[in-house]
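1. Curious how this folds, go ahead:
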Amino acid sequence: MSNAQDPLAPLGALPGVAEAVESVRKATDRLYGHRVMRRRSSEVSAEAALRGARGSAALDGADWGLEEVRRRSDFGTENEARTVGAALRVTAEAGQLLDVWRQSPLRVLARLHLVAAGGDAARDTVGRPRLAGEPVDEPGGPGPALPDAAEVSARLDGLAELVVAGSAAPALVTAAVVHGELLTLRPFGSYNGVVARAAERVVLIGSGLDPKAVCPSEVGHAEAGAEAYGRGLAGYASGTPEGMVEWVAHCGRAVELGVRESTAVCEAMQRGAA
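-> Numbers count the residues shown, from 1 in each chain. Next comes the predicted model:
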């Protein structure tokens, strides 16, 4: 596939991107080589999903402790509880949509928004991109200026075409672009953050970089903090080579911090502490 047909290829070749990709690959290889992963990978995956959902919710203003997320069962009351519930549902759903994503990413995004909203939005706005004049009511705040509905529609179509066509670019690059584009567009009336981070998760799992879903990048995004997250997104939205590299590197660090989290889980299991 030529660069003209594969628009992500030039991004993968930018200075600094290859280093970020290699660093992530080495980190994931070390985690997958851990002896606990050979016997208890499903348990590590379940814990990674829980911690990833907690991190995703934290970035949208619901920064609960892990044990609070673990023990709660009612997520339909106050705003923070609804945000945590949305993150938990979307993270659980993401792994079920890998095959559909390769064929129809817009269907997956619609499904993720439907699952996130869970009745917490006007029925006629759920699971579809916003129309002209419709507001975005994000749990974490208003965010940067919104692209208009026509631009959202066109860019979503372009993103879907890119995903279906595939790319020779590394999985980290594709995941970062999907995540950054969705955060920039904020195509839905609510829960765009949890949907964007879940879409990144889908790419990382489906690409084979993290097939067992044990590298929760959401943990890393939250650990780096909302300010760094916002700076990275601003770099992506700028469209400059430097900004794009900054965002890919930010996403790479998030994956590595997720790897560190799951490595700690493996170590705890090995000691019999979990």
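
2. does residue 15 sit in a helix, a strand or a coil?
-> Classification of residue 15 using DSSP: H, G, I helix; E, B strand; the rest coil returns coil.

3. pretty sure it contacts residue 245?
-> Yes - Residue 15 is in contact with residue 245 according to C-beta atoms under 8 Å; the separation is 7.1 Å. To be clear about C-beta, it is placed using only N, CA and C from the backbone, and glycine gets the same treatment.

4. Which one of those two is surrounded by more residues?
-> Just comparing residue 15 and residue 245: by other C-beta atoms under 10 Å the higher neighbour count belongs to residue 245, 20 against 9.

5. Contact partners for that one?
-> Contact analysis of residue 245 by C-beta atoms under 8 Å, 6 or more residues apart in numbering lists 14, 15, 16, 17, 235.

6. mind running it again at 6 Å?
-> By C-beta atoms under 6 Å, 6 or more residues apart in numbering, the contact set of residue 245 is 14, 16, 17.

7. ok, it to residue 42 distance?
-> In this view, residue 245 and residue 42 are 36 Å apart by C-beta to C-beta, to the nearest Å.

8. Residue 72 too?
-> For residue 72, the distance to residue 42 equals 23 Å [C-beta to C-beta].

9. before we move on, the earlier item: buried ones from the contacts of residue 245, can you make that a PyMOL selection?
-> The buried residues among the contacts of residue 245 can be selected in PyMOL (16 or more other C-beta atoms under 10 Å) with this line:
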select buried, resi 17
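
10. now the one helix or strand residue 116 maps to, how far from the centre of its chain.
-> Following DSSP states H and E, one finds residue 116 within helix 105-117. Here the centre of helix 105-117 is set off from its chain's centre by 13 Å, with C-alpha atoms, centre = their mean, to the nearest Å.

11. Mind listing what's buried along that helix?
-> Across helix 105-117, burial judged by 16+ other C-beta under 10 Å covers 105, 106, 108, 109, 110, 111, 112, 113, 114, 115, 116, 117.

12. What of stretch 257-274?
-> For stretch 257-274, the neighbour count (16+ other C-beta under 10 Å) marks 257, 258, 259, 260, 261, 262, 263, 265, 266, 269 as buried.

13. Can you pull the phi/psi pair for the spatially most central residue of the chain?
-> A centroid search over the chain (C-alpha atoms, centre = their mean) returns residue 197, at 1.9 Å, as the residue closest to the centre. Main-chain dihedrals, residue 197, degrees, to the nearest 10: phi -70, psi -30.

14. thought it was touching residue 58?
-> No - applying C-beta atoms under 6 Å as the test, residue 197 and residue 58 come out as separate, 10.9 Å apart.

15. re earlier: and residue 72 and residue 42? which has more neighbours close in?
-> The neighbour count for residue 72 versus residue 42, taken as other C-beta under 10 Å, is higher for residue 72 (14 against 11).

16. Before we move on, what's the pLDDT of that one?
-> Among the per-residue scores, residue 72 holds a pLDDT of 88.

17. Pull the contacting residues for it.
-> If you count contacts by C-beta under 6 Å, 6+ apart, residue 72 has none.

18. backbone phi and psi for it, please?
-> Per degrees, to the nearest 10, the backbone of residue 72 is at phi -80, psi 150.

19. May I have stretch 249-263 as CSV, with CA atoms only?
-> Provided in CSV are the C-alpha atoms of stretch 249-263 (Å, rounded to 0.1, in the frame of the first residue of the first chain):
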residue,chain,number,x,y,z
ALA,A,249,4.3,9.4,22.4
HIS,A,250,1.7,10.3,25.0
CYS,A,251,-0.4,7.3,24.1
GLY,A,252,2.7,5.1,24.1
ARG,A,253,3.5,6.2,27.6
ALA,A,254,0.0,5.4,28.6
VAL,A,255,0.2,1.9,27.4
GLU,A,256,3.5,1.4,29.2
LEU,A,257,2.0,2.7,32.4
GLY,A,258,-0.8,0.2,31.9
VAL,A,259,1.7,-2.5,31.4
ARG,A,260,3.4,-1.5,34.7
GLU,A,261,0.0,-1.7,36.4
SER,A,262,-0.7,-5.2,35.2
THR,A,263,2.9,-6.3,35.9
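
20. give me the low-pLDDT residue ranges for the stretch 1-150 of the chain?
-> Low-confidence segments of the stretch 1-150 of the chain (pLDDT under 70): 1-4, 119-122, 139-144.

21. Thanks again, I'm all set now.
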